[in-house]
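Enquirer: I would like the atomic coordinates for the input below:
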Amino acid sequence: MAAPAAQDAPLPDALRATFPDAFPTVTAARKACRRRRVFVDGALGACGTPVRAGQQLRVLEAKPAVDTRQRRRELPQGLSIPVLYDDDDIAVVCKPFGLKCHATWGTHNLAAYVRTLVPRSRRHDALPGGPTPAHRLDALTGGLLVFAKTRSAAASLTEQFENRLVRKRYRAIVAGRLEAEAQPRQQQQHNGQVRERQTPELPLQHHQQRQPQQQQQPQQQQLVIDSPVEGRAALTYASVAGHSRCLRYGGWITTLDLAPATGRRHQLRRHLALVLGHPICGDPIYTPLAEPGGVKGARLAELMATGPVQARDAARGPGGGSGSGGEGDGGGAFELLRGWGMALWATELEFDHPATGQRVSWQLPEPERFAKLRAQQQARWDKLGEPAGTALAGDGDGS
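Expert: Below you'll find the model as predicted:
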């Protein structure tokens, strides 16, 4: 817009007098000058530029404000993060496979995306950085995850996780045929213990009285895996949901329901691969390290005591290869099932609401890729039949 100056005055005052609708305050006029939008007789003006009445004033249109929140809200193509619940204290989302909860740099992580999908809390103790994950899932794992939106909610959830008051359930597909009844009553391993019991117990102190009425399959046998991870006690409950045919892994894959009583790093992956000897399908770190029937002796203690980076290096072997499995690669006997991602999904989450104290829970079905994986492997089995030399020591006999 352009017009002759209405009066003799410094440039901001002249702008207010000439364009009262565009510059209702001196502050707005000064901001336009500082942003190099105002010209006096064709020359760039400043806040201190004197203006005489009749001089030509021209003001450039302001660039539209960029809504960075809206821009970041546009998730990458093919990425979906359903928000299942949201209030002023918590938010519950469905984490997709392959996305880290946090990142040391950049914005391609679950926390950054969720902060653009759900509003900040209106409470006085709202977390200044916005919603923050109250726990973590591995990048390769998907499913339910809760975010805290206030300091009090974060403290409450942290206390519940530490005191094992949070109920967590997972669905996994593992290599080989795992039978709870096939395990001995007391199978001892170095620094590890596997037990079988007929009636599942809930790994939550808070709900020992409620649990019997929640069990849909009270006679389902359950394995108890008690083996330290990185020097800290770790306990996992596992029950068999079904078996499917597969051309690998001795002819079988097994679908499991898992309930970790503790939350150690890679606990489920380590317990299944290293203690039971049935790695999760698609696990790139622990599949090459697994052995049918579980890793034995000092090597198990060493692997369970190290972190994921050291385990990954062990999987790659001395030659630095990718560790695709096989007895010459890290000592394992399993081949990595590629192209499907890792078959681990958080299906259930239950805890006390930080603000109300009411018990709340969310459930998710297993992802479609699990059914597709089983169907594909079964179809290949039906087409090709049992191949020679697929049996692995410790796997089922196929009957």
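Enquirer: is residue 111 in a helix, a strand, or coil?
Expert: Counting by DSSP: H, G, I helix; E, B strand; the rest coil, the backbone at residue 111 sits in helix.
Enquirer: contacts only, for residue 86.
Expert: Taking CB atoms under 8 Å, 6 or more residues apart in numbering, we find residue 86 in contact with 92, 118-119. For the C-beta atoms, the positions are set from N, CA and C on the backbone; glycine is no exception.
Enquirer: okay, and the beta partners of it?
Expert: residue 91 (DSSP bridges).
Enquirer: again with residue 142
Expert: In this entry, residue 142 is beta-bridged to residue 345, by DSSP bridges.
Enquirer: show me what contacts it?
Expert: Contacts for residue 142 (CB under 8 Å, 6+ apart) come out as 94-97, 344-346, 367.
Enquirer: what's the farthest-apart pair in those residues?
Expert: 94 and 344 (14.2 Å; CB to CB).
Enquirer: and those two? Which one has more around it.
Expert: Neighbour tally, residue 94 and residue 344, criterion other CB atoms under 10 Å: the higher count belongs to residue 344, 27 against 18.
Enquirer: wait, doesn't that one sit right on residue 139?
Expert: No: between residue 344 and residue 139 there is no contact, the gap being 11.2 Å when judged by CB atoms under 8 Å.
Enquirer: chain center to the longest strand seen in the chain: distance?
Expert: In the chain, assigned by DSSP state E, the strand with the most residues is strand 235-245. Using CA atoms, centre = their mean, to the nearest Å, the mean C-alpha position of strand 235-245 is found 22 Å from that of the whole chain.
Enquirer: show me which positions of the helix or strand following that strand end up buried.
Expert: Next helix or strand after strand 235-245 toward the C-terminus (DSSP states H and E): strand 252-260. Buried residues in strand 252-260, defined by neighbour count with 16 or more other CB atoms under 10 Å: 252-260.
Enquirer: quick one: average pLDDT of strand 252-260?
Expert: For strand 252-260, mean pLDDT rounds to 96.
Enquirer: how far off strand 235-245 does it point, in degrees?
Expert: Relative orientation of strand 252-260 versus strand 235-245 (axes from the mean of the first three to the mean of the last three CA atoms, to 10 degrees): 160 degrees.
Enquirer: buried set for stretch 14-30?
Expert: Under the neighbour-count criterion of 16+ other CB under 10 Å, stretch 14-30 has 14-19, 23, 29-30 buried.
Enquirer: mind checking which of those residues land in helices?
Expert: When the buried residues of stretch 14-30 are checked against helices (DSSP state H), the matches are 14-18, 29-30.
Enquirer: show me which of those residues is closest to residue 3.
Expert: Nearest to residue 3, judged by CB to CB, of these is residue 18 at 5.4 Å.
Enquirer: that older thread, which one of the ones in helices among the buried residues of stretch 14-30 is nearest to residue 7?
Expert: Using CB to CB, residue 17 comes nearest to residue 7 of those, at 5.0 Å.
Enquirer: my read: residue 109 touches residue 100, true?
Expert: Yes: assessed by CB under 8 Å, residue 109 is found in contact with residue 100 at 4.8 Å.
Enquirer: residue 157 in helix, strand or coil?
Expert: Secondary structure, three-state DSSP: residue 157 is helix.
Enquirer: show me the contacts for it.
Expert: For residue 157, the contact set (CB under 8 Å, 6+ apart) comprises 90, 134-135, 146, 148, 166, 351, 354.
Enquirer: which of the residues you listed count as buried?
Expert: The buried subset of these (16+ other CB under 10 Å) comprises 90, 134-135, 146, 148, 166, 351, 354.
Enquirer: burial measure for residue 122, as a count.
Expert: Using other CB under 10 Å, residue 122 has 9 neighbouring residues.
Enquirer: with residue 349 instead?
Expert: By the other CB under 10 Å criterion, the neighbourhood of residue 349 contains 21 residues.
Enquirer: and residue 297, by the same measure?
Expert: Close neighbours of residue 297, defined as other CB under 10 Å, add up to 10.
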